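Novice: let's see this in three dimensions:
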Amino acid sequence: MDVFSVLTLLGGLAFFLYGMKAMSSGLEKIAGGSLEKIIQRMTSNIWSGLFLGIGITALIQSSSAVTVILVGLVNSGIMVLNQTTAVIMGSNIGTTATAWLLSLTGIQSNNGIIRFMKPENFTLVIALIGIIMMMKSKKRKNHDIGSIMLGFSILIYGMKMMSDAVSPLKDSPQFVNILKLLSNPVLGVLIGALFTAILQSHSASIGILQAISLTGSINYGLAIPVIIGQNLGTVINALLAGIGVNKDAKRVPLIHILIKVFGTLLFLAAYIIALTVFNFDEVLSHSINPVGIAIIHTTYNVLVTIVLLPLHNKLEKLAYKIIKDTGEEKIFTMIDDRLLATPSIAILECNTAAIEMAKTSRDSVGMAFGLFGEYDRDTAEKVEENETILDKYEDKLGTYLVKLAGKNLTDNESRAVSNMLTAIGDFERIGDHALNILEGAQELKDKKIRFSDDATREINVLSNAIKEILDLAVDSFEYNDVANAKRVEPLEQVIDLLVAEIKKRHVERLRNGQCTIELGFVLSDFLGNCERISDHCSNIAGALIELNMDVLTVHEYLNDVKTSGQPEFENEFSGFRDKYSL
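Specialist: Numbers count the residues shown, from 1 in each chain. Just a heads-up that it's a prediction; the model follows:
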């Protein structure tokens, strides 16, 4: 090959890889929430996992990306290991969809309609439509569709460039000699694996093989072991995915590697034995085209799955034997940066973490209230421990959400990220107030003082109101429940009145000598913390209402419901006022 042909080949490869990336990214964004819902409904059933893996990989066109997603989900505890094996096997079949798409470039016919089916004959039109959609449409979905169309066009153009660059090789004696060397099955597997490992893209290596096949210089005998090797070469991506995660998550790429290694050894051995026993020379000497490569590629992955799927439990046990549990304490794990490449999945995981954060803050307040009745050191330590956990949540989850916000998100995804960023700040502050309440209980214990019976009764009424508003805020956040969120503000108004009334009654008790200034300081801090917790619950519910009801701002909504005398608000307010009457 001359210098110009080499540059054309490299340029074609660059176009091919960029087009595949653009198309895959666009498809992933279109899938968005649908992909998230599919992952949410994932079960341990091997058949649903298998077809899930096929579908997702055919959609985003990368089995390695699916493995990375699974590693991230297992690392953060959303999935367990036995849910992933069938998905990985399915992803190996799903990744063959790209080869079938590229096989269209090998269509040969004098029929005008059939010739038009060749991608190179209609990609210019697709590219034009894609660019127009990206430039003119204001809708994000149309922009993503345009990106898919343009990416497909660039991919096919890159395929055509590579094919044109290597076409002179069929007349090159040196190239023919290299191909003869590759006729050795073991060497063919090694070359195919090395080529995929270097490119770090299974689809790209298959695409290049299909481009070379258009020269007519590759036969079935050469292509079969190379295709087997190309499947093996994806283990490099799996190895990279296992860096920096917990032991259970490391087992996910290990299972991916075991499937590839066992599949390669089994079918390479079967292929060599078949060559020895039977005479396939005439069949194997036929030239292979892109469609033939797609057929071999799909058949191989389907057969590997048929053989290994019944052994999925054995593979999992082997993974546990290779990567053993050492019994060390489970480390506080947060969201995996690998999932930033798949924003819809990352948002799902962030939401799961934020819900855990919400429940932790609610539990802390409940435990702190209990300490006013009966102080317990173990409970106090748990409140302190929860506050440390909440600080870690806000730090790590907040940092992750900021990174996520910088990605190319849909409008709904951007609003969801913004809502979570606001909510986790409120949850962290609620934890702070729980710690402050704990300190008040600690002061009562250390100074051996106690509130009067009337003050204790009033504190219990307020505590119950705070517990209910926390339940409403946390449940509305967890289940995206606008109806519950609307009930928060009426209760928040009742809590404000309760706090004011308790302060008034405390002053009266001071005048009558029924309380002391020392107790007054503790009570004042308690009331202030309760009021702040109520305010944070109002913020959480208000942000959820703003997200779902498309109101201009939460402050405008709150002002409206407070001043307009809406029957729904008034009825809730009256009910809570009667329920928490002093």
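Novice: output the below-cut-off pLDDT ranges for the stretch 351-500 of the chain.
Specialist: In the prediction, the stretch 351-500 of the chain carries no residues with pLDDT under 70.
Novice: quick one: the strands in it, in order.
Specialist: Taking DSSP state E, counting those that start in this stretch as the criterion, the stretch 351-500 of the chain contains no strands.
Novice: what segments of it are helices?
Specialist: In the stretch 351-500 of the chain, the helices defined using DSSP state H, counting those that start in this stretch lie at 377-392, 398-405, 411-447, 453-479, 482-511.
Novice: ok, the stretch 201-350 of the chain next?
Specialist: Going by DSSP H, counting those that start in this stretch, the stretch 201-350 of the chain shows helices at 202-213, 220-232, 235-241, 247-277, 281-284, 290-308, 312-322, 343-373.
Novice: hey, least reliable of the ones you listed by pLDDT?
Specialist: Lowest mean pLDDT within the helices of the stretch 201-350 of the chain: helix 235-241, at a mean of 75.
Novice: list the contacts of it.
Specialist: 64, 67-68, 71, 196-197, 200, 252-254, 256-257, 260-261, 338 (Cβ atoms under 8 Å, 6 or more residues apart in numbering). For every residue, glycine as well, the C-beta is placed using N, CA and C.
Novice: point out where the stretch 51-200 of the chain drops to low pLDDT.
Specialist: Using pLDDT under 70, the flagged stretches of the stretch 51-200 of the chain are 59-62, 64-65, 72-73, 75-78, 104-122, 159, 163, 166-182.
Novice: list the contacts of Ser153.
Specialist: 19, 123-124, 126-127, 130.
Novice: how close does the closest residue to Trp100 other than its chain neighbours get to Glu394?
Specialist: Nearest residue to Trp100, sequence neighbours excluded (Cβ to Cβ, 6 or more residues apart in numbering): Ala294, at 4.8 Å. Per Cβ to Cβ, to the nearest Å, Ala294 is found 50 Å from Glu394.
Novice: higher neighbour count, these two?
Specialist: Ala294 (23 against 19; other Cβ atoms under 10 Å).
Novice: pretty sure the more buried one is touching Ser203, no?
Specialist: No. With contact defined as Cβ atoms under 8 Å, Ala294 does not reach Ser203; the gap is 11.5 Å.
Novice: give me the common contacts of those two.
Specialist: In contact with both Ala294 and Ser203: Ala99, using Cβ under 8 Å, 6+ apart.
Novice: what's the burial count for the residue nearest to Ile502 when sequence neighbours are not counted?
Specialist: Spatial nearest neighbour of Ile502, chain neighbours left out: Glu458 (5.0 Å); criterion: Cβ to Cβ, 6+ apart. Glu458: 20 surrounding residues under other Cβ under 10 Å.
Novice: show the contacting residues for Glu458.
Specialist: Counted by Cβ under 8 Å, 6+ apart, Glu458 has contacts 502, 505, 582.
Novice: what is the burial count for the second one?
Specialist: Neighbourhood size, Arg505 [other Cβ under 10 Å]: 16.
Novice: my guess is it contacts Gly520. True?
Specialist: No. Between Arg505 and Gly520 there is no contact under Cβ under 8 Å: 11.7 Å.
Novice: tell me the confidence at the residue of the chain most remote from its centre?
Specialist: Using Cα atoms, centre = their mean, the residue of the chain lying farthest from its centre is Asn512. It sits 61.6 Å away. For Asn512, the pLDDT comes out at 82.
Novice: cool, and the one 3 residues further on?
Specialist: For Cys515, the pLDDT comes out at 78.
Novice: ok, now the one 10 residues further on?
Specialist: Looking at Asp525, its pLDDT is 93.
Novice: next, the angle helix 453-479 makes with the host helix or strand of it.
Specialist: Per DSSP states H and E, Asp525 falls inside helix 517-549. Interaxial angle, helix 517-549 versus helix 453-479 (axes from the mean of the first three to the mean of the last three Cα atoms, to 10 degrees): 20 degrees.
Novice: hmm, back to that, export the helices of the stretch 201-350 of the chain to a markdown table and append columns for distance to Ser91.
Specialist: Output for the helices of the stretch 201-350 of the chain, formatted as a markdown table (distance: least, Cβ to Cβ, whole Å):
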| stretch | distance to Ser91 |
| --- | --- |
| helix 202-213 | 10 |
| helix 220-232 | 12 |
| helix 235-241 | 11 |
| helix 247-277 | 9 |
| helix 281-284 | 29 |
| helix 290-308 | 10 |
| helix 312-322 | 14 |
| helix 343-373 | 14 |
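Novice: list the buried residues in the helix holding Asp525.
Specialist: 519-520, 522-523, 525-527, 529-531, 533-547 (16 or more other Cβ atoms under 10 Å).
Novice: and it, how far out from the chain middle?
Specialist: Chain-centre distance of helix 517-549: 33 Å, with Cα atoms, centre = their mean, to the nearest Å.
Novice: which strands or helices does that helix pack on?
Specialist: If you count contacts as 3 or more Cβ pairs under 8 Å, 6 or more residues apart in numbering; DSSP states H and E, helix 517-549 packs onto helix 343-373, helix 411-447, helix 453-479, helix 482-511, helix 554-563.
Novice: just the angle between the second one and helix 377-392, please?
Specialist: Between helix 411-447 and helix 377-392, the angle comes out at 150 degrees (the same axes, to 10 degrees).
Novice: same check, this time on the third one
Specialist: Angle, helix 453-479 to helix 377-392, by the same axes, to 10 degrees: 40 degrees.
Novice: compute the inter-axis angle for helix 453-479 and helix 343-373.
Specialist: 170 degrees.
Novice: so which bits of helix 453-479 are buried?
Specialist: Those would be 454-455, 458-459, 461-463, 465-466, 468-470, 472-474, 476-478, for helix 453-479 by 16+ other Cβ under 10 Å.
Novice: can you count the residues close to the nearest residue to Gly229 once chain neighbours are set aside?
Specialist: Using Cβ to Cβ, 6+ apart and skipping the chain neighbours, the partner closest in space to Gly229 is Gly192 (2.6 Å). By other Cβ under 10 Å, the residues close to Gly192 number 26.
Novice: same thing with Ala341?
Specialist: Counted with other Cβ under 10 Å, Ala341 comes out at 17.
Novice: list the contacts of the nearest residue to Leu390 once chain neighbours are set aside.
Specialist: Once flanking residues are discounted, Leu390 sits nearest to Gly431: 3.8 Å by Cβ to Cβ, 6+ apart. Contacts for Gly431 were tallied using Cβ under 8 Å, 6+ apart; they are 360-361, 364, 386-387, 390-391.
Novice: show me which of those are buried.
Specialist: Looks like the contacts of Gly431 have 360-361, 364, 386-387, 390 buried, using 16+ other Cβ under 10 Å.
Novice: comparing the helices and strands packed on helix 517-549, which stretch has the densest surroundings?
Specialist: helix 343-373 (a mean of 22; mean count of other Cβ atoms under 10 Å).
Novice: run the chain-centre distance for it.
Specialist: With Cα atoms, centre = their mean, you get 20 Å for helix 343-373.
Novice: also stretch 474-482?
Specialist: That offset, for stretch 474-482, works out to 21 Å (Cα atoms, centre = their mean).
Novice: show me what that stretch is in contact with.
Specialist: In contact with stretch 474-482 (Cβ under 8 Å, 6+ apart) are residues 354-355, 358-359, 361-362, 423, 484-485, 488, 540-541, 544-545, 548-549.
Novice: any idea which of the contacts of Gly431 is closest to Leu10?
Specialist: Among these, Asp391 lies closest to Leu10 (Cβ to Cβ), at 50.4 Å.
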